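Colleague: Fold the stuff below for me.
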Amino acid sequence: MAEKSGQDPLHVIVEEILHAKAGNIVLYGVGREGLMMKALCMRLFHLGLKSHFFGDMTTPAIGPGDLFVASAGPGSFHTVNALLQVARDAGARVMVITAQKQGSAAKLAHAVAVVPAQTMADDMRHSASDRNFVKASNEGVFDEQMQGKFHHHSSPDVTATSLFGGLLPMGSVYEGALFVLFEVTVHCLQSRLGETSESMRSRHTNLE
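Modeller: Here you go, the predicted structure:
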């Protein structure tokens, strides 16, 4: 990711969250991106941080010392852009997670974490022939795995991005990348904050 985007998104996210650890951290995303953001919000709470998801009844006012984090995979959403501006006007720091660093959402942010993966902004680039090529490539890989003959494909045309991008619809690749990125983010924060599995577990709800 860092090689493609110019800056490690993991580093950006971890450092921004640590910088705001004494304040409120409000997260937001729409659709399936929103589900990934909610998952991160929950884990930040388990880490002892004051995390909230926009739209919840208990979300506090935001201002100086606070952090607003929004995902805009395709580069922008009307609701995301509006909230970014509100947070900026209130004096909060703003971070955007996106696959499109040239998008309008990124231009409103103080910090940008670029996750270069397929979103609804570019999922239609794959033609029918591309998808057939990807399908054939995958079937070949799976056949080799079944036969115990799997090896690394050296062809520059067969990459993780091309394989997943040709098979998964809309923003699935980006959303899956967010989940993995956020899990690693939590692991890094756990170490930096001195949290243990036991301390995190103690904050988990018992109303289940």
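Colleague: quick one: contacts of whichever strand or helix holds Q85?
Modeller: In this assignment (DSSP states H and E), Q85 forms part of helix 78-89. For helix 78-89, the external contacting residues (Cβ atoms under 8 Å, 6 or more residues apart in numbering) are 26, 28-30, 54, 62, 66, 68, 70-72, 94, 96, 104-105, 108-109. Where you see a C-beta, it was placed from the backbone N, CA and C, and this is true even at glycine.
Colleague: Next, please give the residue ranges for the strands of the protein.
Modeller: Ranges of strands within the chain are 24-28, 50-53, 67-71, 93-98, 111-114, based on DSSP state E.
Colleague: what would these look like in a markdown table with mean pLDDT, mean neighbour count and distance to D8?
Modeller: Shown next, in a markdown table, are the strands of the chain (pLDDT from 0 to 100; neighbours: other Cβ atoms under 10 Å; distance: least, Cβ to Cβ, whole Å):
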| stretch | mean pLDDT | mean neighbour count | distance to D8 |
| --- | --- | --- | --- |
| strand 24-28 | 98 | 24 | 20 |
| strand 50-53 | 98 | 18 | 22 |
| strand 67-71 | 97 | 27 | 16 |
| strand 93-98 | 97 | 26 | 13 |
| strand 111-114 | 96 | 22 | 9 |
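Colleague: Using PDB, write out every CA atom in the longest helix anywhere in the chain.
Modeller: Longest helix of the chain, by residue count under DSSP state H: helix 172-193. C-alpha atoms of helix 172-193 as PDB (Å, rounded to 0.1, in the frame of the first residue of the first chain):
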ATOM      1  CA  SER A 172     -15.900  -5.200  -1.900                       C
ATOM      2  CA  VAL A 173     -12.100  -5.100  -2.300                       C
ATOM      3  CA  TYR A 174     -11.900  -1.700  -0.500                       C
ATOM      4  CA  GLU A 175     -14.200  -2.800   2.300                       C
ATOM      5  CA  GLY A 176     -12.300  -6.000   2.900                       C
ATOM      6  CA  ALA A 177      -9.100  -4.100   2.900                       C
ATOM      7  CA  LEU A 178     -10.500  -1.800   5.500                       C
ATOM      8  CA  PHE A 179     -11.300  -4.700   7.800                       C
ATOM      9  CA  VAL A 180      -7.800  -6.100   7.600                       C
ATOM     10  CA  LEU A 181      -6.200  -2.700   8.000                       C
ATOM     11  CA  PHE A 182      -8.300  -1.900  11.000                       C
ATOM     12  CA  GLU A 183      -7.400  -5.200  12.700                       C
ATOM     13  CA  VAL A 184      -3.700  -4.400  12.300                       C
ATOM     14  CA  THR A 185      -4.400  -0.800  13.500                       C
ATOM     15  CA  VAL A 186      -5.900  -2.100  16.700                       C
ATOM     16  CA  HIS A 187      -2.900  -4.500  17.200                       C
ATOM     17  CA  CYS A 188      -0.500  -1.600  16.900                       C
ATOM     18  CA  LEU A 189      -2.600   0.700  19.100                       C
ATOM     19  CA  GLN A 190      -2.800  -2.100  21.800                       C
ATOM     20  CA  SER A 191       0.900  -2.200  22.000                       C
ATOM     21  CA  ARG A 192       1.400   1.600  21.900                       C
ATOM     22  CA  LEU A 193      -1.300   2.200  24.600                       C
END
